[in-house]
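Participant: sequence unknown, structure follows:
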């Protein structure tokens, strides 16, 4: 069995839970936050975009959040719960396709997160996709 065949059922279970949660966030409460220094619930819901990073991770060896001389990455601005769920659905479809096509060799390749050319961390693409540790580290 190849890694993608192991990962896809795990992804399906986790993403079904995530989608169910995202679908419960009411539009009128996207600005709510539990405390002064915490992010709003809408900001946290937009983290559903992270599943959309999986094709990027598998297709490239690195990502620079703020490339020298280039435009910095910006988290998409979604101000509506329905748009958040729709973006999640689109991202999940692309992620599943990318994982299904990935080889074990590709999963073993190194992937690096950078900022202005400086490497922040490196891990295998498989570890990054499977555990999303690389995405948590960028937040």
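Facilitator: That came through, no problem. No experiment lies behind these values; they were computed from the predicted model shown.

Participant: Could you give the bridge partners of residue 115?
Facilitator: residue 118 (DSSP bridges).

Participant: just use 42 as the starting number from now, easier for me
Facilitator: Right, with 42 as the first residue, what we last looked at is residue 156.

Participant: got the contact list for it?
Facilitator: 105, 106, 107 (Cβ atoms under 8 Å, 6 or more residues apart in numbering). Backbone N, C-alpha and C define where each C-beta goes, glycine included.

Participant: Buried subset of those, written for PyMOL?
Facilitator: Only the buried entries of the contacts of residue 156 go into this PyMOL selection, using 16 or more other Cβ atoms under 10 Å:
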select buried, resi 105
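
Participant: Save the contacts of residue 156 as a markdown table, and put in secondary structure, pLDDT and distance to residue 156 too.
Facilitator: Putting those into a markdown table (DSSP: H, G, I helix; E, B strand; the rest coil; pLDDT from 0 to 100; distance: Cβ to Cβ, whole Å) gives the following:
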| residue | secondary structure | pLDDT | distance to residue 156 |
| --- | --- | --- | --- |
| 105 | strand | 96 | 7 |
| 106 | coil | 92 | 5 |
| 107 | coil | 95 | 5 |
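
Participant: Just give me the closest of the contacts of residue 156 to residue 150.
Facilitator: Residue 150 has its nearest neighbour among those in residue 105, at 17.2 Å by Cβ to Cβ.

Participant: can you tell me how far the residue lying closest to that closest one once chain neighbours are set aside sits from residue 165?
Facilitator: Spatially, and ignoring its direct neighbours in sequence, residue 105 is nearest to residue 155 (4.2 Å; Cβ to Cβ, 6 or more residues apart in numbering). Taking Cβ to Cβ, to the nearest Å as the measure, residue 155 falls 16 Å from residue 165.

Participant: can you check residue 105 too?
Facilitator: Per Cβ to Cβ, residue 105 is found 19 Å from residue 165.

Participant: again with residue 100
Facilitator: Distance from residue 100 to residue 165, by Cβ to Cβ: 15 Å.
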